[in-house]
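Enquirer: Sequence first, predicted coordinates after that:
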There are 2 protein chains.
Amino acid sequence: VPHIDAGRFRADFDALAEIGRTVQGGVHRPTFSDAHLAARAWFLDRAAAAGLETRVDAAGNHSATLRSPAPEAPTLLLGSHLDTVPNGGRFDGALGVVAALEVLRATQDAQLVLPCSLEAIDFTDEEGTLVGLLGSRALAGGLTPDMLQAPRGGRPALLAGLARAGLTEAQLADARRDPGTIAAYLELHIEQGPILERQRVDIGIVTAIVGSRSFKLTFKGTAGHAGTTPMDARDDAGLAAARFVVGVHDTVAWDFPNCVATVGRVTLEPGAFNVIAGEAHVALEFRSAEPSQLDALEDALLFRAREAETLGRVEIEPVGRWEPVPLDSTIRSAIARVSDALGLSTIELPSGAGHDAQALAHVTPSGMIFVPSAEGLSHQASEQTAWDDCLNGAEVLLGATLELAGVFAS
Amino acid sequence: VPHIDAGRFRADFDALAEIGRTVQGGVHRPTFSDAHLAARAWFLDRAAAAGLETRVDAAGNHSATLRSPAPEAPTLLLGSHLDTVPNGGRFDGALGVVAALEVLRATQDAQLVLPCSLEAIDFTDEEGTLVGLLGSRALAGGLTPDMLQAPRGGRPALLAGLARAGLTEAQLADARRDPGTIAAYLELHIEQGPILERQRVDIGIVTAIVGSRSFKLTFKGTAGHAGTTPMDARDDAGLAAARFVVGVHDTVAWDFPNCVATVGRVTLEPGAFNVIAGEAHVALEFRSAEPSQLDALEDALLFRAREAETLGRVEIEPVGRWEPVPLDSTIRSAIARVSDALGLSTIELPSGAGHDAQALAHVTPSGMIFVPSAEGLSHQASEQTAWDDCLNGAEVLLGATLELAGVFAS
C-alpha cells in the first residue's frame, strides 16, 4: 500500500520555501520572477530525480507524470501552483504541488499499477500577477483573446513575462488538452480562512468555488468649505459613502448569512481636512456559492447605494463577474470516505477564494481538499498550517487519488 | 459726504479679476506666484495713481494710506488679501482690498479730514499657500519661529517664495506694528457660506471667527482575504472608519446645532477590491465659535471614535488647534447702525472660515462685514456675489470707517 514519506515530503516543502524566501519568513514568487522560475526548475529536477517523466507545455505549466501502462489511460491531474502573491506565504499553492509530487512517488515506490496516469502539475500564474488562472485556463481551453488584451497586471507586464519564460502569446492556447484524455482534477490547498480552525476540523471538502461580482461606485456630492457650510446645507459625498459601507455590512450580516461583501477601497475628492468631499470612489465586491444569492445580494447592495444618495447621485459600474463553480460530488464522497478511514474529521464548505479548479471544473470532474489555516491568514508571511495538517492533507490526497483513479479510469 | 464711485470700484474689481484669470473664469493667485505679485503691483499702481501714499512692509504686506493731518493720528486698517487658493474665485479677498482702496479714494475725493489715517492693506498669504495669515500675524506680532519651521506648504516652498518676493525670513517679524499706532481693523469679505442668501439678508455682522481643532485618526483592524474571511470573523478597519464618519455627522447634527464637523479624507490600507482593510486613516476637523462647545464636541467625537473600535484599536493624533476669536462689539454696533441707515438688513453670525481679523483681534478692535455668497460657494471658479451686494458691502465699509475713525481716534 502506498504511503506518504513524511521526511521526504517535509524536506521538499522546506527546500521549496527557501526559493524566494523573504526576511519576514514568507515567500515572494510573482509569476515569472527569478524566484518563480527557479522554483519551477527545482520542481522538475525533483521529479526527474525520482524517475518521473517531466514536461513544460505551451502555457508554461510544469508537470511530472507517472505513466499508467494501461492502453489509452486517461490522466488524473493533481495540481496547484508555485507562484505567490507579492510577499506571500509558504503554503498557498506550494503545499499542493509538493503533495502531488509525493503522491506520485509514493505510488511509484509501492509499485502500484493504476488504470490512470498520474500527473502532478504546477499551473502558471494562478495568483494573477499577470492574468490569473492563466495556465489552468489554457489547459482547459478557456483562455480567450480578450483576457490577454486587457490582463489584470497590464499588457506590457504580460508580454515581458512571457518572453522571460520563453513563451509566446500566440502559442498559449496550444496548451489545451482534449478533455477525453483527462480523468479528473484534484487539488490539496490551504483553506485561507478560519472555518476549519474554528470548528476544529481536520479536512475541508470543497463544495464549490464561490462566484463574485465587483463594482466601482462613485457617490457625487458637492465640494464645500468645511468651516462655512452648515451641516444641514451639505451634500457630503463622503458621508454618503460611509452610510453605504455600513449598509453593506449590515445587509450581509443580517440577511445573507453565507455570503461575504467587502469595501476594500474608499477615496474622497478632493481629500483635504477642510473641504467637504465632492466625490467618493468606492470599491465593492461580494461573493456567494449560489447564483441566486449573488443576484439577490446585488439587488440588496445596489439598493443600499441608491438609498445613500439622499442629496447626491451615485454612478455604478460593474467591473468583474465570476460565476460560482460547483465541484464534483463523486470526488467529494471519495474525500469524505478516505478521511473517515484515516480517522480525520471533515466538513463541507465552499471556497471563498478562486483556484485553478474553477477552470478545470468546466472540462473534467474536479475536487479540492482543504487543510486549516492558522487564524485564517493567507497571502502574507504569517500564513501558517500546522505540519500535521499538511501531512493529513497529503494522506487524503493520496487516498482519494487511488480511489478516483479506479472510478474515473474510463 | 463721501460716496462710493460705483463705476470706478467696478472697473478696478474687473481689472483685478483679469490678473491670474483661469479658463473656468476664476482666479489662480497662490502666494508669491507671478499672478499674485502682479496683482499686488497693480494695487500699488492704482493707489499711487490716486495720489495715495504706498508702502510694502517687511512681511510683504502692501498698503495704500490716506494720511490724517491730526498729530499722532492712529491708523484705521482696512484690509483683506490678494492671494487666492489654487483655482479660486474672483471675490475672496479681492473684494475687500478693492473696497478698502475705494473707501480711501471716496474719503479723499470728498476732502474729508478724519482724525485717523486710513490704510488699505493687502495682507500676505492669508490663504495659507505657505503659512497662513502670514502678513497679518507678522503685523500683529503673532508670528512665531515654529510657524516658519514647519509651515503648512512646506519649508522649501516658504523659502523659495520669500526669495521670489524679495523678503527674508529674518526680517519678517520687523513688520510688527506698535498696537498704539493702530486704531482698529475692519474687513469686508464674502461670507463663503449659504446663510445670508438663505435668510435673504444683505449684510452679515461677524460676531467671532470660529475656533477649530483637527485630528488624524488611524483605525487598526486586520487585513484579510475578502473571499475566505466570514463576516463574523472580520476586523475591518474600513467599517470602523465608516461607522465613525456616520457617527460624527449624527453627533453634530443632533447635539451641536451651531457647530460643524467634517471628515474630508479617508484612506484604506492596503486599498484593494479583494482585501479587507487592515488600516483606515481619517482626517477629522470641527469648528465652533464657543470654546466650551469645542471642548464638548471634542469629547463627543473622540468618544465616537473609541466606540467604533469594537474589535480593533484607534490612534488619535491632534494636528491643529485654533481658538475662537470674538470680534469687537463697538464695531458690530457701528456696522448695524450704518446698515440700517442705508436700508440694508443685517444678521449677526460667526465666521466659519479663518481671516486676517483673527490675527488682528489680538492687538486692536477688529470687525468684519460679510456679503452673501451665491449658493454658499467659495474657493472655486463658480464663487459669485451679486454686484449689488458688493456695492452694499463697500457702502457699509465706508460708513463704518467714517464712524469708527471718530470712535477709535484716541
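Expert: That came through, no problem. Just so we're clear, the structure is a prediction, and the values are computed from it rather than from any experiment.

Enquirer: Now do the contacts for residue A:360.
Expert: Residue A:360 makes contacts with A:77, A:79, A:136, A:139-140, A:185, A:366, as judged by C-beta atoms under 8 Å, 6 or more residues apart in numbering or on different chains. For the C-beta atoms, the positions are set from N, CA and C on the backbone; glycine is no exception.

Enquirer: and of these, the nearest to residue A:244?
Expert: residue A:136 (35.2 Å; C-beta to C-beta).

Enquirer: phi, psi of the closest one?
Expert: Taking degrees, to the nearest 10, you get phi -70, psi -40 for the backbone angles of residue A:136.

Enquirer: mind checking how far it is from residue A:392?
Expert: As judged by C-beta to C-beta, to the nearest Å, residue A:136 and residue A:392 stand 25 Å apart.

Enquirer: Now find how far off-centre stretch A:210-228 is within its chain.
Expert: Its chain's C-alpha centre and that of stretch A:210-228 lie 29 Å apart, by C-alpha atoms, centre = their mean, to the nearest Å.

Enquirer: Can you measure across that stretch, start residue to end residue?
Expert: In stretch A:210-228, first residue to last residue: 48 Å (C-alpha to C-alpha, to the nearest Å).

Enquirer: Same check on stretch A:46-57?
Expert: Across stretch A:46-57, the terminal residues are separated by 18 Å (C-alpha to C-alpha).

Enquirer: residues making contact with stretch A:383-399?
Expert: Under the criterion C-beta under 8 Å, 6+ apart, residues A:2-4, A:6, A:9-10, A:13, A:26, A:78, A:88-92, A:95, A:99-100, A:102-103, A:106-107, A:186, A:188, A:190, A:202-203, A:335, A:338-339, A:341-342, A:344, A:369-375, A:377 lie in contact with stretch A:383-399.

Enquirer: from those, which are also near chain B?
Expert: Residues of the contacts of stretch A:383-399 in contact with chain B (C-beta under 8 Å from any C-beta of the partner chain): residue A:377.

Enquirer: Narrow the contacts of stretch A:383-399 to those in helices?
Expert: Those of those mapping onto helices are A:6, A:9-10, A:13, A:95, A:99-100, A:102-103, A:106-107, A:335, A:338-339, A:341, per DSSP state H.

Enquirer: Pull up the residues of the stretch 101-250 of chain A that are close to chain B.
Expert: Residues of the stretch 101-250 of chain A lying near chain B (C-beta under 8 Å from any C-beta): A:191-195, A:198, A:210, A:212, A:214, A:223-233, A:236, A:238-239, A:241-246, A:249.

Enquirer: Can you flag which of those residues belong to strands?
Expert: A:212, A:214, A:224-225 (DSSP state E).

Enquirer: per-residue confidence at the closest residue to residue A:25 other than its chain neighbours?
Expert: Of all residues not flanking residue A:25 in the chain, residue A:381 sits nearest, at 5.1 Å (C-beta to C-beta, 6 or more residues apart in numbering or on different chains). The model reports residue A:381 with a pLDDT of 94.

Enquirer: ok, residue A:381 touching residue A:87?
Expert: Yes - counting by C-beta atoms under 8 Å, residue A:381 touches residue A:87, with 6.6 Å between them.

Enquirer: hmm, back to that, which two among the ones in helices among the contacts of stretch A:383-399 are spaced furthest apart?
Expert: The span of those, defined through C-beta to C-beta, is set by A:13 and A:341 at 24.3 Å.

Enquirer: When these two are compared, which one has more neighbours?
Expert: Per other C-beta atoms under 10 Å in any protein chain shown, whichever of residue A:13 and residue A:341 has more neighbours is residue A:13, with 20 against 12.

Enquirer: The nearest residue to the more buried one once chain neighbours are set aside - how many residues pack around it?
Expert: Closest residue to residue A:13 apart from its sequence neighbours, by C-beta to C-beta, 6+ apart: residue A:98 at 5.0 Å. With neighbours defined by other C-beta under 10 Å, the count for residue A:98 comes to 30.

Enquirer: Report the contact partners of residue A:98.
Expert: Neighbours of residue A:98 in contact, by C-beta under 8 Å, 6+ apart: A:9, A:12-13, A:16.

Enquirer: most neighbours, which of the residues you listed?
Expert: Greatest neighbour count in the contacts of residue A:98, by other C-beta under 10 Å, goes to residue A:16: 24 neighbours.

Enquirer: For the helix or strand where that residue lies, give me every contacting residue.
Expert: According to DSSP states H and E, residue A:16 maps onto helix A:6-17. In this structure, residues lying in contact with helix A:6-17 by C-beta under 8 Å, 6+ apart are A:27, A:39, A:42-43, A:46, A:82, A:90, A:94-95, A:97-99, A:101-102, A:105, A:387, A:390-391, A:394.

Enquirer: Please pick the buried ones from those.
Expert: Neighbour counting by 16 or more other C-beta atoms under 10 Å in any protein chain shown classes A:27, A:39, A:42-43, A:46, A:82, A:90, A:94-95, A:97-99, A:101-102, A:105, A:390-391, A:394 among those as buried.
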